[in-house]
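Q: Output the structure for:
(one chain, ligands or ions: 2)
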Amino acid sequence: IPLENYRNFIIVAHIDHGKSTLSDRLLEITGVVNPHAKNSQVLDKLDVEKERGITVKAQTVSMIYHYRGEDYLLHLVDSPGHVDFRLEVSRSYASCQGAILLVDAAEGAKAQTVANFYLAYSMDLKLIPVINKIDLDTADIPRVEEQIENMFELPKDDIVHLSAKTGKNVKYLLPKIIESIPPPLNCQRDAPFRAQIVDSWYDSYLGVILLINIVDGTVQKGSKISSYRTKNKFEVKEVGIMYPDRTPFPKLVAGQVAYIIPGLKNPNDVYVGDTLYDSNFSVEPLEGFEEPKPMVFVGAFPTQGTNFKKMEESLNNLFLNDRSVTFQRATSVALGQGWRLGFLGSLHASIFKERLQKEYGEDLIITAPTVPYKIHYKDGVEQIVSNPDDFPDSLEKTKISYFSEPYVDAYMSFPKEYVGKVMQLCNANRGAQEDIQYSPTGMVFLTYSIPTAQLIDDFFGKLKGVTKGYASLDYEDAGYKPSDIYKLEILVNGEGIDALSTVLHKSEINRNAKEFVQRFKKFMRIQQFEVVMQAKANGRIVARETIHARRKDVLAKLHAADISRKKKLLARQKEGKKLLKSRGQVRIPPQAYQAFLRRQ
Ligand code: GDP
Ligand code: MG
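A: Numbers count the residues shown, from 1 in each chain. Ligands and ions are numbered 1, 2, ... in the order given. Below you'll find the predicted structure:
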């Protein structure tokens, strides 16, 4: 198939507007999948993706379409729809020349549609507007047409109306793609091989598999290629296209988005965004390499009796397929040896947590998520702190000049009757309004600058709450801003508990401190001696609770405890008492922290 007959495109849509359903219909029409086999949603490969209906990793499927006497090779590149994965998103867009802008006929354009539209537009992609779900009774096609015309400045006449579910009008879309999206003509087939890694995943038999966008030349089994970033050389073991799964091909050529198996066993040798090239030549690297930058951190600790080494191995296996997670060992006085994990955003963190929990159940304790804070020293040095316990106790008598915290620009859209409530919510979350636009169709598009720490504290849930579920949210990293933040430390009988430290804004210290010690108290009832719990910030005690000695409570107040755990506790209580006698101080069993953290 000549290069002129290649089309690489992406579908831009808000979540649930029908991207996966439309992809499936296109794959059926082109015969890649059998319409009767109910293996629907080919593109959502990970279990979590299927369950949550979101894409986490970039995927691509190839289709061959016969049109007016010629064969066309189409690559449908699927990218994560969520901004946590912005780097993956822009890399997928970079491998395309066109985009289908898919809008739900009942819901109209939403925040994610708008944000992704701007990205596609800024990357010069040819846009095809599509209104989906025209079969719905609630479809309001004139309203959505008007929106597309006003917001995206795309002519009404170009809009394709279809139903991905019933299949109606889907057949008109492929000719439109072929006629309006240009082929990847910036590619050179005769030049030395050059490609960009779009995504990578790990197979326990084949090792690393790479999805690449081939910009120049060709590649085949036996080709010797190099990585620009690592300077590693390797011999290609297999090449092919995703049709819809891995299908080996003799040779790949410029313009294709396809897979290669480099024969590498260690995923750490591969960097998404890196340039691969023919080892016999030296080439300019392709643009687009950027290290993923974690936005959210948690501590993870194995529960008592879990094998640390084994758990680390299992964690490692999960990381093989998600290289954007960072992790390093961390030790906590309260919870023992564990890890500090970094994620791209709160959705990413919660997906990962879900995967961990599914696979390891209750064996793992996760501490409250935190954002990375910055310490600015008087001599100009900056330090990023991702573990709240490493945050200094107070500013006094230190070499520190000030602190700063990360912010995002949050883009929200919702019907205009909720505008008052949403602004209230944003202000309560330390937000600052940056822009507001009213669409003629009754929607509001609102931009606020808010601290990332507020965003990860279930901001989206709260936003949905005040808008009866109608709001959508998208956000973008907006850098660090100076902030009045303090470390809040929890002391039990005068001793700080590292795993419970948090960093908070001044305005939130008092309320949070009170709530925290009160909640924590419930989990501390198992103590048989008097316990004083205090919360300390900026060198002052800001909240305090006392538990008086009450022997009987040892088991009675232990929440959700099973029998074996009770037995263990009794045994430990004995031990604890011995210890207490010898040391004259209170010891809190780790279970208390664990139970507390689980219920946060
Ligand atoms: P995605 O999140 O954009 O991938 O959306 P999905 O393809 O998973 O679709 C979300 C929901 O909308 C699913 O329940 C689909 O069955 C439904 N859906 C998709 N297309 C249509 C359509 O044309 N008509 C109707 N009525 N429902 C649709
Ligand atoms: Mg989907």
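Q: okay, now P440: neighbour count?
A: 10 (other C-beta atoms under 10 Å). Every C-beta, even on glycine, is put in place using the N, C-alpha and C of the backbone.
Q: so what's F516 closest to, chain neighbours aside?
A: Nearest residue to F516 in three dimensions, chain neighbours excluded: A535, at 5.9 Å (C-beta to C-beta, 6 or more residues apart in numbering).
Q: which residues does the one you found form a beta bridge with?
A: Judged by DSSP bridges, the bridge partners of A535 are I490, A543.
Q: what sits against it?
A: Contact analysis of A535 by C-beta atoms under 8 Å, 6 or more residues apart in numbering lists L488, E489, I490, L491, A513, K514, F516, V517, I541, V542, A543, R544.
Q: Excluding sequence neighbours, find me the nearest residue to M412.
A: L446 (4.7 Å).
Q: give the contact list for that neighbour.
A: By C-beta under 8 Å, 6+ apart, the neighbours of L446 are Y411, M412, S413, F414, V419, V422, M423, C426, Q433, D435, I436, Q437.
Q: Look up which helix or strand it falls in, please.
A: In the assignment (DSSP states H and E), L446 maps to strand 443-451.
Q: rewinding a little: tabulate the contacts of A535 (a markdown table), appending distance to ligand 1, neighbour count and pLDDT.
A: What follows is the contacts of A535, written out as a markdown table (distance: C-beta to the nearest ligand atom, whole Å; neighbours: other C-beta atoms under 10 Å; pLDDT from 0 to 100):
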| residue | distance to ligand 1 | neighbour count | pLDDT |
| --- | --- | --- | --- |
| L488 | 39 | 24 | 92 |
| E489 | 43 | 22 | 91 |
| I490 | 41 | 24 | 87 |
| L491 | 47 | 17 | 87 |
| A513 | 41 | 23 | 90 |
| K514 | 41 | 15 | 90 |
| F516 | 37 | 22 | 85 |
| V517 | 42 | 22 | 86 |
| I541 | 49 | 12 | 90 |
| V542 | 45 | 20 | 89 |
| A543 | 44 | 21 | 90 |
| R544 | 49 | 14 | 89 |
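Q: What is the nearest of those residues to E107?
A: The nearest member of the contacts of A535 to E107, counting by C-beta to C-beta, is F516 at 39.4 Å.
Q: ok, the closest one touching I490?
A: Yes: with contact defined as C-beta atoms under 8 Å, F516 reaches I490; the gap is 6.6 Å.
Q: if I look at the residue most central in space within the chain, how far off is P155?
A: Centroid-nearest residue in the chain, with C-alpha atoms, centre = their mean: H348, separated by 2.9 Å. H348 sits 37 Å away from P155, going by C-beta to C-beta, to the nearest Å.
Q: any idea which element R355 lies in?
A: R355 belongs to helix 346-360, assigned by DSSP H and E.
Q: Is that helix positioned near ligand 1?
A: No: judged by C-beta under 6 Å from any ligand atom, helix 346-360 stays clear of ligand 1, getting no closer than 13.8 Å.
Q: Count the residues that sit near the residue nearest to Y93 when sequence neighbours are not counted.
A: Leaving out its chain neighbours, the residue that sits closest to Y93 by C-beta to C-beta, 6+ apart is M123, at 5.1 Å. Applying other C-beta under 10 Å, we find 14 residues neighbouring M123.
Q: which residues touch M123?
A: For M123, the contacting residues are S90, Y93, A94, by C-beta under 8 Å, 6+ apart.
Q: separation between L341 and A432?
A: From L341 to A432 the distance is 30 Å (C-beta to C-beta).
Q: follow-up on the earlier one: hang on, isn't the residue nearest to the centre of the chain packed against S324?
A: Yes: contact status for H348 versus S324: in contact at 7.2 Å, counting by C-beta under 8 Å.
Q: what's the distance between K221 and ligand 1?
A: K221 sits 35 Å away from ligand 1, going by C-beta to the nearest ligand atom, to the nearest Å.
Q: surely that residue meets K237?
A: Yes: here K221 reaches K237: they are 6.7 Å apart, a contact under C-beta under 8 Å.
Q: Can you report how many residues lie near the residue in the stretch 401-550 of the chain positioned nearest to ligand 1?
A: Distance from ligand 1 to each residue of the stretch 401-550 of the chain (C-beta to the nearest ligand atom) is smallest for S472, at 12.2 Å. When counting by other C-beta under 10 Å, one arrives at 25 neighbours for S472.
Q: show me what contacts it?
A: By C-beta under 8 Å, 6+ apart, the residues touching S472 are H14, K110, A111, Q112, M412, S413, F414.
Q: okay, now the third one: neighbour count?
A: Pointing back at A111 there. Burial of A111 is recorded as 23 neighbouring residues (other C-beta under 10 Å).
Q: How about the contacts made by it?
A: H14, Y411, M412, S413, F445, S472, L473, D474.
Q: Kindly provide the distance from it to N387.
A: For A111, the distance to N387 - C-beta to C-beta - is 32 Å.
Q: try the fourth one
A: As defined by C-beta to C-beta, Q112 lies at a distance of 32 Å from N387.
Q: same thing with the last one?
A: Shown here: F414 relative to N387, a distance of 36 Å by C-beta to C-beta.
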